[in-house]
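Peer 1: need coordinates for the following:
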Amino acid sequence: MMRGFLISISILVLLLAGVVYYIFFTAPPLHKPSDLSDFIDTPNSPILVYDHASVVAKTRIERDVGIPMRDGTRLSANVFHPIADGRYPVVMAFTAYHKDETPSQYPDYLRLNATSEYDSGTIRVSEWTPWEAPDPAYWVSQGYAVVILDSRGYGLSAGTAAVLNIHDRHDFHDAIIWAGTQPWSNGNVGLTGVSYLAIAQWIAGVDAPEYLKAIMPWEGQSDSFREVLFHGGVPETAFTNFWLTRVRSKANEISLPPHRIMRFAGSRPMLMKWLSARQAPSGISLKDITVPALICASWSDHGMHTRGSFEGFKQISSAQKWVYTHGQPKWDVYYSNEAKAVQTAFFDHFLKGEANGFEQRPAVRLEVRETLTDYSVRYEDSWPLASIMETPFFLAANGQMQDEPVTVARTETYAAREGAVAFRKTLAQDTELTGNMKLKLWVEAQGAKDMDLFVAIRKYDANGNEVTFHGKAGYTQTPVALGWLRVSQRELDPEHSTRLQPYLMHERSLTLARGQVVPVEIEILPSSTLFRAGETIEVAIQGHDHFEHFALAHKKTVNKGRHIIHIGGRYDSHLLVPFIPREQVSQASKTGL
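Peer 2: I've put the predicted structure just below:
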């Protein structure tokens with residue numbers, strides 16, 4: 001008997017050891033350093049490295065400059081500033097992508113995405129420019145010093161890496177003070193950068209030292225749970241896994257939980273929310289940001305930075321704030337001549353003190369799309385637009401939508417995993433829709449206790465051809481707008497929800513009973529699109545992604561059985577759209593950013 005007991009214990013120990021090894025010592029292979037040197041000069045490359053020889057002779061470069069933190073940790077920065085004696089305003093960025101990795105080491109997906117379905121535009125930079133960072137050659141030529149800092153634990157910076165949490169806030173605070181007190185600095189620091197480098201600004205802006213005079217977060221999410229990890233409670237499985245592997249690859253040492261635990265939690269909204277709060281509390285508190293801000297928010301990054309950029313603009317407490325909207329490839333826009341002119345005027349005003357009238361500009365540069373490449377620009381005073389008319393399109397029989405409520409109740413049903421249903425409305429007049437949309441549905445799950453719903457708003461021209469737009473990573477086959485919902489996560493936060501933007505609580509899981517019909521409200525992310533008379537708007541609803549994308553996917557759905565949508569009668573299923581009257585458009589400001 002004792003022998004059998006010992007054998008059982010041995011087997012149990014071996015099994016436990018196997019589990020421990022699997023959880024803590026296995027993970028996807030780390031990303032190898034990129035090498036695009038053979039790709040940059042090819043016709044398919046979006047990267048254009050321009051000749052900056054005229055700036056080189058006028059620039060002093062100091063590499064791997066040590067910046068001491070309050071706990072004694074040394075962070076590493078590259079510093080660029082004019083050779084001429086003087087005190088210069090400072091353009092600064094914080095990166096986890098290694099400040100010393102320049103265009104030939106930009107991410108490999110720029111090569112992989114060189115296909116007909118992707119368009120990254122032109123990324124025009126000098127050879128000094130790290131990924132998604134300000135171009136030192138440009139800013140030095142404009143009379144600025146530039147400081148690009150490796151975040152703690154990345155690149156040449158010491159310490160244990162985190163992922164933009166409250167500890168990074170202290171580092172950014174200390175680094176800004178350092179930059180503001182150097183002999184070549186005039187004491188005025190401004191932050192800029194894209195994606196991670198934008199999110200870092202939401203963190204740095206919370207506890208802003210006196211030297212931080214302005215921030216320029218250029219497309220950065222501000223709520224990773226809602227905007228990246230879980231879209232409407234549905235776990236995102238492509239970019240999340242890619243990015244976690246990417247930051248592990250870039251980090252010298254990292255404090256994230258093991259990959260297997262993150263992956264397990266990544267398909268369970270409540271567990272991930274708890275784990276994130278305990279292991280990596282966010283350093284973001286938008287309401288505590290008061291410095292002047294120029295924010296970029298796009299229609300072309302649904303599932304990543306779109307929502308957080310607009311929320312950042314709405315929620316920060318800055319008295320002086322502007323938002324630059326667009327629907328084009330984000331890296332192209334950041335380095336474009338038009339955007340750089342706006343960026344420069346902003347920093348010239350707040351860092352150099354120039355009286356250039358920037359403070360009098362309208363708050364919103366609004367880009368209204370018509371096709372993939374055609375758009376118009378005007379200027380507005382607020383976001384959301386004050387002229388919005390909340391207009392319902394009611395779901396009706398035969399795949400139609402109509403202006404009036406449907407009186408007769410009926411159902412539409414589809415296979416939960418592979419099926420779909422769509423409702424269309426052809427518009428009788430030119431119609432601009434700008435802002436969030438909301439889809440209200442009455443739903444029932446047949447053969448399941450939960451549902452994952454995937455919603456797309458599509459545009460069709462007068463000939464019935466779909467009109468697509470730029471989306472995440474330059475994908476050119478993207479619909480007008482996207483939305484998602486896991487029905488068990490449907491509980492709304494009444495304090496934060498509006499008529500056009502439902503805000504989910506994510507506090508508990510409300511599964512469905514057999515035959516239970518429940519109302520749900522689905523947030524459809526911001527967009528701005530002009531439909532001409534005779535063109536058609538469609539809302540498509542299904543249980544899987546609307547397109548295949550290397551960095552936007554939701555493969556771990558709860559769907560099975562059939563989905564039933566109830567419409568008509570007491571079931572007021574409808575699409576609520578932000579209609580902008582044409583007379584209001586004609587009265588909008590014609591000058592601005």
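
Peer 1: only C-alpha atoms for contact and neighbour calcs from this point on.
Peer 2: OK.

Peer 1: mind naming the longest strand for this structure?
Peer 2: Longest strand in the chain, counting residues (DSSP state E): strand 431-446.

Peer 1: please export the C-alpha coordinates of it as PDB.
Peer 2: C-alpha atoms of strand 431-446 as PDB (Å, rounded to 0.1, in the frame of the first residue of the first chain):
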ATOM      1  CA  THR A 431     -26.000  62.500 -45.600                       C
ATOM      2  CA  GLU A 432     -23.100  63.000 -43.300                       C
ATOM      3  CA  LEU A 433     -22.700  60.800 -40.300                       C
ATOM      4  CA  THR A 434     -20.000  62.000 -37.800                       C
ATOM      5  CA  GLY A 435     -19.500  60.500 -34.300                       C
ATOM      6  CA  ASN A 436     -20.300  57.300 -32.500                       C
ATOM      7  CA  MET A 437     -23.200  55.200 -33.600                       C
ATOM      8  CA  LYS A 438     -25.100  52.800 -31.400                       C
ATOM      9  CA  LEU A 439     -26.900  49.500 -32.400                       C
ATOM     10  CA  LYS A 440     -29.700  48.500 -30.100                       C
ATOM     11  CA  LEU A 441     -30.800  44.900 -30.500                       C
ATOM     12  CA  TRP A 442     -33.100  42.500 -28.700                       C
ATOM     13  CA  VAL A 443     -31.300  39.100 -28.900                       C
ATOM     14  CA  GLU A 444     -31.700  35.500 -27.900                       C
ATOM     15  CA  ALA A 445     -29.200  32.600 -27.900                       C
ATOM     16  CA  GLN A 446     -30.500  29.200 -29.100                       C
END
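
Peer 1: what distance separates it from the centre of its chain?
Peer 2: How far strand 431-446 lies from its chain's middle: 21 Å, per CA atoms, centre = their mean, to the nearest Å.

Peer 1: now do the same contact list for L395.
Peer 2: Contacts for L395 (CA atoms under 8 Å, 6 or more residues apart in numbering) come out as M401, Q402, V406, F423, I567, G568, S573, H574, L575.

Peer 1: quickly list what the second one is bridged to.
Peer 2: In this case it means Q402. Taking DSSP bridges as the rule, Q402 bridges to F394.

Peer 1: OK, contacts around it?
Peer 2: Shown in contact with Q402 (CA under 8 Å, 6+ apart): F393, F394, L395, A396, K425.

Peer 1: tell me, how many residues neighbour P384?
Peer 2: Residues lying near P384 (other CA atoms under 10 Å) number 16.

Peer 1: my error: substitute R570 in the last question.
Peer 2: R570 has 13 neighbours, counted by other CA under 10 Å.

Peer 1: go ahead and confirm it touches A409.
Peer 2: Yes. Assessed by CA atoms under 8 Å, R570 is found in contact with A409 at 7.3 Å.

Peer 1: so what sits against both of those two?
Peer 2: Contacts common to R570 and A409, judged by CA under 8 Å, 6+ apart, are absent.

Peer 1: which of the contacts of L395 fall in strands?
Peer 2: M401, Q402, F423, I567, H574, L575.

Peer 1: surely the last one touches F393?
Peer 2: Yes. Counting by CA under 8 Å, a contact exists between L575 and F393, whose distance comes to 5.1 Å.

Peer 1: how far does stretch 174-188 sit from the chain's center?
Peer 2: On CA atoms, centre = their mean, the centre of stretch 174-188 falls 30 Å from that of its chain.

Peer 1: repeat for stretch 437-448
Peer 2: Mean-position distance between stretch 437-448 and its chain equals 26 Å (CA atoms, centre = their mean).

Peer 1: ok, stretch 194-208 next?
Peer 2: For stretch 194-208, the distance to the chain centre is 13 Å (CA atoms, centre = their mean).

Peer 1: how about it: buried residues?
Peer 2: By 16 or more other CA atoms under 10 Å, the buried positions in stretch 194-208 come out as 194-208.

Peer 1: same thing with stretch 392-401?
Peer 2: For stretch 392-401, a neighbour-count test (16+ other CA under 10 Å) marks P392, F393, F394, L395, A396, A397, Q400, M401 as buried.

Peer 1: farthest-apart pair in those, please.
Peer 2: Greatest spatial distance in these: P392 and A397, 16.0 Å, computed using CA to CA.

Peer 1: which residues pair with the nearest residue to G419 once chain neighbours are set aside across the strands?
Peer 2: Nearest residue to G419 in three dimensions, chain neighbours excluded: Q542, at 6.1 Å (CA to CA, 6 or more residues apart in numbering). Beta-bridge partners recorded for Q542 (DSSP bridges): A420, F454.

Peer 1: related to what we said a few turns ago, against which helices or strands is the longest strand of the chain packed?
Peer 2: The contact analysis (3 or more CA pairs under 8 Å, 6 or more residues apart in numbering; DSSP states H and E) places strand 431-446 against strand 518-531, strand 562-567, strand 574-580.

Peer 1: out of the ones you listed, nearest to Y414?
Peer 2: Of all the helices and strands packed on strand 431-446, strand 562-567 comes closest under CA to CA, at 5.5 Å.

Peer 1: counting contacts, what elements does the closest one pack onto?
Peer 2: Going by 3+ CA pairs under 8 Å, 6+ apart, strand 562-567 lies up against strand 410-415, strand 431-446.

Peer 1: ok, D108 to A551 distance?
Peer 2: In this view, D108 and A551 are 13 Å apart by CA to CA, to the nearest Å.

Peer 1: mind showing which ranges of this protein have poor pLDDT?
Peer 2: Low-confidence segments of the chain (pLDDT under 70): 1-31, 254-282, 584-593.

Peer 1: in it, which residue is most central in space?
Peer 2: H305 (1.1 Å; CA atoms, centre = their mean).

Peer 1: residues contacting T181?
Peer 2: By CA under 8 Å, 6+ apart, the contact list for T181 reads G187.

Peer 1: 6 Å - rerun?
Peer 2: Going by CA atoms under 6 Å, 6 or more residues apart in numbering, T181 touches no other residue.

Peer 1: now do the one 4 residues further on
Peer 2: Residues in contact with S185, defined by CA under 6 Å, 6+ apart, are R87, Y88, P89.

Peer 1: so what pairs up with it in the strands?
Peer 2: Y88.

Peer 1: distance of it relative to G143?
Peer 2: From S185 to G143 the distance is 11 Å (CA to CA).

Peer 1: next: V79.
Peer 2: From V79 to G143 the distance is 14 Å (CA to CA).

Peer 1: same deal with H173?
Peer 2: H173 is 24 Å from G143, by CA to CA.

Peer 1: more neighbours, these two?
Peer 2: More crowded of H173 and G143, by other CA under 10 Å: H173, with 22 against 17.

Peer 1: report the secondary structure state of the more buried one.
Peer 2: Using DSSP: H, G, I helix; E, B strand; the rest coil, the secondary structure recorded for H173 is helix.
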